[in-house]
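Just a sequence and a predicted model for now, questions to come.
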Amino acid sequence: MIGKLTGKIDSIADDHLLLDVAGVGYYVFCSGRTLGLMPQAGGHTSLLIDTHVREDHIHLYGFANAAEQQWFRTLTTVQGVGVKMAMAILSALAPEQILTAIAAQDKKVLTIVSGVGPKLAERIVTELKSQAVKLGAAGFSVATPHAGNAADGAAAKSAKKSPEQSAAADALSALVHLGYGRSEAFSAVMRLQQNQPDIKIDALIRDALRELAA
């Protein structure tokens, strides 16, 4: 299985490029964001590769970084999200934007992608909610129950929210009702709670408003 390709770019199209590796040309499908990072034809590049084998074809999908590759794999676990749809999502949204949208349960952000309607957006944020606990790459943590085993999950469902979680939920609700987008409000609240773990709800809302207005 191919894990990485390094070579000279022969040509770039709307959804793929032709990569010359030691005289062998590989068609590699990429997101619009990855294609936008590529040098012009004649330049050299390296891409992480996922290989998809079907009865009638073998397709290579290339990624500029591990975060994009991981989200491609994660998105395609959702029913209704095939490889083309995953690439469309990654073309429209950066990995950190997808992560924030799922953590904030912000369906609206995903519907900006052509082909993603409200039902599919809801399925994505619901089925991938457990990914919100893996926010190291986004630079902040999220106040959601840790995704553990079945017993832990049952305990998390029955447990009451901590004061910090309640404050975050209340602040997020207030900011959304004031007209701010759920994802941007969520990011502001999480950053403030990370820097000030004991911040009270009134200060949390006030400081979040100040940050969002900046």
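Cool, the structure landed.

Starting from the helix or strand of the chain with the lowest mean pLDDT, tell me the next helix or strand along the chain.
Least confident helix or strand, the chain: helix 150-158 with a mean of 38, by mean pLDDT, DSSP states H and E. Next in sequence after helix 150-158, counting helices and strands by DSSP states H and E, comes helix 163-177.

Now that next one: buried residues?
By 16 or more other CB atoms under 10 Å, the buried positions in helix 163-177 come out as 165, 167, 168, 171, 172, 174, 175, 176. For the C-beta atoms, the positions are set from N, CA and C on the backbone; glycine is no exception.

Can you tell me what sits against it?
104, 143-144, 161, 182, 185-186, 188-190, 193, 197, 199-201, 204-205, 208-209, 212 (CB atoms under 8 Å, 6 or more residues apart in numbering).

Give me the buried subset of the residues you listed.
Burial by neighbour count, 16+ other CB under 10 Å: within the contacts of helix 163-177 this picks out 104, 143-144, 182, 185-186, 188-190, 193, 199, 204-205, 208-209, 212.

Pick out whichever of the residues you listed sits closest to residue 131.
residue 144 (10.0 Å; CB to CB).

Including distance to residue 85, could the buried residues of helix 163-177 go into a markdown table?
Putting these into a markdown table (distance: CB to CB, whole Å) gives the following:
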| residue | distance to residue 85 |
| --- | --- |
| 165 | 32 |
| 167 | 36 |
| 168 | 31 |
| 171 | 33 |
| 172 | 28 |
| 174 | 34 |
| 175 | 30 |
| 176 | 27 |
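
Confidence-wise, which of those residues comes last?
Lowest pLDDT among these: residue 165, with 74.

which regions of this structure lie under the pLDDT threshold?
Residue ranges of the chain with pLDDT under 70: 132-162.

Can you tell me the closest non-neighbouring residue to residue 100?
residue 183 (4.9 Å; CB to CB, 6 or more residues apart in numbering).

Next, count neighbours for that neighbour.
Neighbours of residue 183 under the rule other CB atoms under 10 Å: 21.

Check residue 2 too.
Counted with other CB under 10 Å, residue 2 comes out at 15.

What secondary structure category should be reported for it?
Secondary structure, DSSP: H, G, I helix; E, B strand; the rest coil: residue 2 is coil.

Show me the domain layout of the chain.
4-64, 66-139, 160-214 (automatic domain parsing).
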